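Participant: pasting the sequence and the predicted coordinates here, then a few questions.
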Amino acid sequence: MILSTVIQQLLEGMITSIEIFLLTLLFSLPLGLAVAGGRMSRFRPLRWLMKLYISIMRGTPLMLQLIVVFFAPYYVFGISLSTEYRFVSVIIAFTINYAAYFAEIYRGGIESINSGQYEAAQVLGYSKLETFFIIIMPQVVKVILPSVTNEVITLVKDTSLSFVIAIPEMFTVAKQIAAADASIAALLVAGIFYYVFNIIVAFAMEHLENRLDYYE
């Protein structure tokens, strides 16, 4: 292959991987918080529904979830699949998968906060929403950040699973180039990309942790 073409293909694959990463975080972090709220709800049916959802998402492979989300509209509802839906289905599958993990992380963080803080906020005249978002949530973020960092780093590598429904992300493109050129050079480039991307993510999360460390 011509070098410029190879570089262009790898860059396109890199952009796709980054898009999957960013969009998954954009949607899964708030969804995970909503699921955590349902998981801790006093309304028992909702609580058990969220518990079942989390159990399914964490108990089945992400690759299987990608396949189900992509093919379900056709086999269940008879809806014809468009090429554009491939990328959409990847974002949906990644979002609902990671939201389940983030939900349990949120739940652990929220439950670690002393109940006396809720009572103190009530005495000060804060509403339940104000108490949660102004007083509780900043503390939760500090507590859960290391766990969230681990999941985010895993997400960087999991973007490569998009190959299962033929999304040309970085690893898929690298494999195609390696097969065409009978060389592993493209795969090495992909490996370097994932490593550097993870270093950047880890550095950013560590910087955020340091900013939230009020006692240093």
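Facilitator: Noted; the coordinates are in hand. Residues are numbered from 1 along each chain as shown.

Participant: most remote residue from the middle of this protein, which is it?
Facilitator: Largest separation from the mean C-alpha position in the chain: residue 123, at 37.3 Å (CA atoms, centre = their mean).

Participant: and that one, how far from residue 204?
Facilitator: 38 Å (CB to CB, to the nearest Å). Every C-beta, even on glycine, is put in place using the N, C-alpha and C of the backbone.

Participant: surely residue 113 meets residue 139?
Facilitator: Yes. Checked against CB atoms under 8 Å, the pair residue 113 and residue 139 is within contact range at 5.8 Å.

Participant: which secondary structure elements does the lowest-mean-pLDDT helix or strand in the chain sit against?
Facilitator: Of all regular secondary-structure elements in the chain, judged by mean pLDDT, DSSP states H and E, the least confident is helix 170-181 with a mean of 79. Using 3 or more CB pairs under 8 Å, 6 or more residues apart in numbering; DSSP states H and E, the elements in contact with helix 170-181 are helix 3-39, helix 185-212.

Participant: low pLDDT regions in this protein?
Facilitator: Judged against pLDDT under 70, the low-scoring parts of the chain cover residues 1-4, 182, 214-216.

Participant: re the thing from before, what residues of the least confident helix or strand of the chain count as buried?
Facilitator: The neighbour-count criterion (16 or more other CB atoms under 10 Å) identifies 170-178 as the buried residues of helix 170-181.

Participant: report the angle between that helix and helix 3-39.
Facilitator: For helix 170-181 against helix 3-39, the angle between stretch directions is 150 degrees (axes from the mean of the first three to the mean of the last three CA atoms, to 10 degrees).

Participant: report the angle between helix 170-181 and helix 185-212.
Facilitator: An angle of 160 degrees separates the directions of helix 170-181 and helix 185-212 when computed by the same axes, to 10 degrees.

Participant: what about helix 170-181, distance to the chain center?
Facilitator: Taking CA atoms, centre = their mean, to the nearest Å, one finds the center of helix 170-181 at 25 Å from the center of the full chain.

Participant: likewise for stretch 65-81?
Facilitator: Taking the mean C-alpha point of stretch 65-81 and that of its whole chain, the gap between them comes to 22 Å (CA atoms, centre = their mean).
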